[in-house]
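**Student:** any chance you can model this:
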Amino acid sequence: MTRVYDVVRTLQDYRDIIWSERASSSGTAGTYLKARVGEGTRARYLKLSRYTGVEIDGSECVNEIVASRLMRLLGVEHLEYRLIHALVSVDGVEFETWINSSKNFRRRGEQKIGLGTYFELYRREDEDPFAFCARLGWEERIAQMMLVDYLIANRDRHASNIEVIIAPTGETRLAPVFDNGMSLLAPYGADLERIAAFDPLADVATTNFVGARSLEENVRAHPWRPTEPLRETDRAYLLAGLDAAAPAVLLDKIWETIWKRWCWYE
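**Tutor:** Below you'll find the predicted structure:
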């Protein structure tokens, strides 16, 4: 059995957490709840899968772990997530569910700004977002992100889901790839029939700020080859420890989607 350290299967008590941030998505009906614990560089960020107002039925938290592991295999700088089996309280109702936890990726004194805002501040006339990133030396990082987004069918890479980190010296860098939950089978919630019927090679529409709305078009235009290819044996690592958090039909379709997209890309 593959040993993993990013899944906490023992039930943890998070009922004292106040889910103060609520975001909606045009991709699915529901709300996405977030919270922060601690301050500064010691802060931890927590988030839940889709909350319908009645139940927490999304797979976004599982997707974050799969995406994080995939990027580790491909050598893409990314934010590390943990998947935690937890008791939570939302609007006075208790739920037993799975949450994500991540650390602050900024160093002391660093500031962050969404790429969309940074682009509007410093773009040249008639410069599109990809040309802007290429001019700043971020072309490979963006191509890496586009490959990952294609492999996981990520529908949500909007202008604030890519961040620029500004050091106290004024130097800038792209933040590690983060916020990958609205991907794979997330739009289908707990509908196992729709999950099983999903076409792994479907060219789903995305809100990619830097590229086109077609994930396939993005990787055609900006290919990137990792040092080590994805292998069929990587399934065990990508899905290790997730059987308690997701049904087998979902895990099978997650792998089928990633593997078939990788084979097409190669």
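**Student:** from now on I want contacts and neighbour counts done on CA atoms only, so please keep to that.
**Tutor:** Fine.
**Student:** just for the stretch 101-250 of the chain, where's the confidence low?
**Tutor:** Nowhere does the stretch 101-250 of the chain drop to pLDDT under 70.
**Student:** helices of that one, start to end?
**Tutor:** For the stretch 101-250 of the chain, the helices defined by DSSP state H, counting those that start in this stretch occupy 115-122, 129-135, 139-151, 192-197, 215-221, 235-239, 248-265.
**Student:** nearest to residue 177, out of these?
**Tutor:** With C-alpha to C-alpha as the criterion, residue 177 lies closest to helix 139-151 of the helices of the stretch 101-250 of the chain, at 6.9 Å.
**Student:** CA atoms of the closest one as CSV?
**Tutor:** The C-alpha trace of helix 139-151 is given here as CSV (Å, rounded to 0.1, in the frame of the first residue of the first chain):
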residue,chain,number,x,y,z
GLU,A,139,6.2,31.8,-19.8
GLU,A,140,7.2,28.3,-18.6
ARG,A,141,5.3,28.6,-15.4
ILE,A,142,2.1,29.5,-17.3
ALA,A,143,2.6,26.6,-19.7
GLN,A,144,3.0,24.2,-16.8
MET,A,145,-0.2,25.5,-15.3
MET,A,146,-2.0,25.1,-18.6
LEU,A,147,-0.9,21.5,-18.8
VAL,A,148,-2.1,20.7,-15.2
ASP,A,149,-5.4,22.5,-15.9
TYR,A,150,-5.9,20.4,-19.0
LEU,A,151,-5.1,17.1,-17.3
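**Student:** show residues contacting that helix.
**Tutor:** 67, 70-71, 76, 130, 133, 155, 174, 177, 210, 215-216, 218-219, 222-224, 257-259, 261-262 (C-alpha atoms under 8 Å, 6 or more residues apart in numbering).
**Student:** thinking again about what came up before, tell me which of the helices of the stretch 101-250 of the chain is the most buried.
**Tutor:** helix 139-151 (a mean of 22; mean count of other C-alpha atoms under 10 Å).
**Student:** spatially, which residue comes closest to the spatially most central residue of the chain, not counting chain neighbours?
**Tutor:** Geometric centre of the chain, nearest residue: residue 180, 1.2 Å, by C-alpha atoms, centre = their mean. Nearest residue to residue 180 in three dimensions, chain neighbours excluded: residue 64, at 5.6 Å (C-alpha to C-alpha, 6 or more residues apart in numbering).
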